[in-house]
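Asks: kindly generate the corresponding structure for this input.
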Amino acid sequence: MGTGMGTGTGRVMDAGSAREIWQKLEPLHAVTYFAPECVEAHREVGLRGFWMGYFGARAAPLGAVAAGVVEAAFFNFHPAMVRRAVPDAWRFAAPDAVLRARSLSATAALRRVAPSAAQAAARINALLERVVAAADGAGCPLFAANRGLNVPDDPVGALWQHTTTLREHRGDGHVAVLTAEGVGGCEAHVLFAASEGTDVAILRDNRGWSKDEWQAAADRLSARGLLDDGGHPTAEGRALRDHVESRTDALAVRPYEELRQGEFAQLQELLAPLAAQALASDTVPFPNPMGLPARTAATPDGLRATRRTGSSS
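Replies: Next comes the predicted model:
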């Protein structure tokens, strides 16, 4: 599937490159959800409990928005789960305060779990800054909100912010593709779990869906011919999921076409040991609802995916 001509490369970049770079960026971004420094910082700023910390910190770039905005942007969470945290989060902590807390804590966590980040950050940031600037923000609310933030002076903090901004760019695109195909938030999880053999509870419980709602979503997919009677993907279901993932990759890769081929390879090389260190730190739990490859994919000098995994957020 074509992804458009890159101004820096003069060629069409393989969309699979977007998946490779995501697998290196996501472990660096994900410290904000799981590192004890971040969980504690969100609590200290006033957010109550893990999930209010999650929704408050991730949504803070949007400002003190209503629950409906967060439901739309985050997409695959049960609305009731969002509403338990938003807008109450803004009564306990203003978005600007939350943003400061998440940036400082994520910087500290990233510095701890990926010791190589301090040395490599300046070179990585020089490349990621161009990618972020080249991305189209149309229809990408979380990406655009994060790109509009001030980038920290600390190179490691800037690295974390760039990984987060690009992570949200991919996520926004993924939501757009799913909604265009008529796949709802719970249905996306059901199809993912059925395709990957993921423990249903990892996705269902961490995204707030009940067993009955999960079954109803599965029934809707079956009615469309996407799941068989045993709950396994049909040929049509596999084709739809492949299309969603491929199209997500195609949208996500576009801003990287700002880089020359050698620069993209350099970016991959610089990020690989940082991602491996972050994964080896045991900060990110496995399995996880984000769709990251298994921890065994990490090697001392890089990151190698053992199988194709889907995008989540």
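Asks: next, count neighbours for the spatially closest residue to residue 44 that is not a sequence neighbour.
Replies: Spatial nearest neighbour of residue 44, chain neighbours left out: residue 101 (7.0 Å); criterion: CB to CB, 6 or more residues apart in numbering. The C-beta positions use only the backbone N, C-alpha and C, and glycine is treated the same way. Applying other CB atoms under 10 Å, we find 24 other residues in the vicinity of residue 101.
Asks: quick one: residue 101 from residue 107, how far?
Replies: Summarising the geometry, the distance separating residue 101 from residue 107, computed by CB to CB, to the nearest Å, is 11 Å.
Asks: tell me which element the residue nearest to residue 44 is part of?
Replies: Here residue 101 is covered by helix 95-113, with elements defined by DSSP states H and E.
Asks: need the pLDDT of residue 290.
Replies: Here, the pLDDT recorded for residue 290 equals 83.
Asks: ok, residue 2 next?
Replies: At residue 2, the predicted lDDT confidence score is 35.
Asks: cool, residue 18 as well?
Replies: If you check residue 18, the pLDDT there is 87.
Asks: can you list the buried residues in stretch 269-279?
Replies: By neighbour count, with 16 or more other CB atoms under 10 Å as the criterion, the buried positions of stretch 269-279 are 270-279.
Asks: and the residue nearest to residue 227 when sequence neighbours are not counted, how many residues sit next to it?
Replies: The spatially closest residue to residue 227, leaving aside those adjacent along the chain, is residue 221, at 4.6 Å (CB to CB, 6+ apart). The number of residues packed around residue 221, counting by other CB under 10 Å, is 25.
Asks: residue 221 reaches residue 192, doesn't it?
Replies: No: with contact defined as CB atoms under 8 Å, residue 221 does not count as touching residue 192 (11.1 Å).
Asks: where does pLDDT dip in the stretch 151-300 of the chain?
Replies: When residues are selected by pLDDT under 70, those of the stretch 151-300 of the chain lie in 293-300.
Asks: the strands in it, which residues?
Replies: 298-299 (DSSP state E, counting those that start in this stretch).
Asks: residue contacts, the residue of the chain most remote from its centre?
Replies: Relative to the C-alpha centroid of the chain, counting by CA atoms, centre = their mean, residue 229 is the outermost residue, at 31.6 Å. Neighbour list for residue 229: residue 222 [criterion: CB atoms under 8 Å, 6 or more residues apart in numbering].
Asks: so how far is residue 223 from it?
Replies: When distances are taken as CB to CB, residue 229 and residue 223 turn out to be 12 Å apart.
Asks: OK, contacts around residue 184?
Replies: Residue 184 sits in contact with 178, 217, 220, where contact means CB under 8 Å, 6+ apart.
Asks: repeat that for residue 156.
Replies: Counting by CB under 8 Å, 6+ apart, residue 156 makes contact with 107, 110-111, 117-118, 121.
Asks: let's see it at 10 Å
Replies: Residue 156 sits next to 28, 106-111, 114, 117-122, 124-125 when contact means CB atoms under 10 Å, 6 or more residues apart in numbering.
Asks: now do residue 248
Replies: 15, 18-19, 22, 170-178, 310-311.
Asks: show me how to select, in ChimeraX, the buried members of those residues.
Replies: Remark: buried members of the contacts of residue 248, expressed as a ChimeraX selection using 16+ other CB under 10 Å:
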select :15,18,19,22,170,171,172,173,174,175,176,177,178,310,311
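Asks: so which of the contacts of residue 248 sit within helices?
Replies: Counting by DSSP state H, the members of the contacts of residue 248 that fall within helices are 18-19, 22, 170-178.
Asks: looking at these, spot the one nearest residue 48.
Replies: The shortest gap between residue 48 and any of those belongs to residue 171, at 25.1 Å (CB to CB).
Asks: from residue 200, how far out is that closest one?
Replies: Using CB to CB, residue 171 is found at 22 Å from residue 200.
Asks: repeat that for residue 32.
Replies: Look at residue 32 and residue 200: by CB to CB, they are 26 Å apart.
Asks: check residue 231 too.
Replies: If you go by CB to CB, the gap between residue 231 and residue 200 works out to 10 Å.
Asks: now for those two: what residues contact both?
Replies: The overlap between the contact sets of residue 231 and residue 200 (CB under 10 Å, 6+ apart) consists of 190, 193-194, 218.
Asks: neighbours of residue 234, how many?
Replies: 16.
Asks: please read the previous query as pertaining to residue 128.
Replies: Here the count is done by other CB under 10 Å, and residue 128 has 26 residues near it.
Asks: circling back: of the ones in helices among the contacts of residue 248, which is the nearest to residue 130?
Replies: Using CB to CB, residue 18 is the member of those that lies nearest residue 130, at 15.8 Å.
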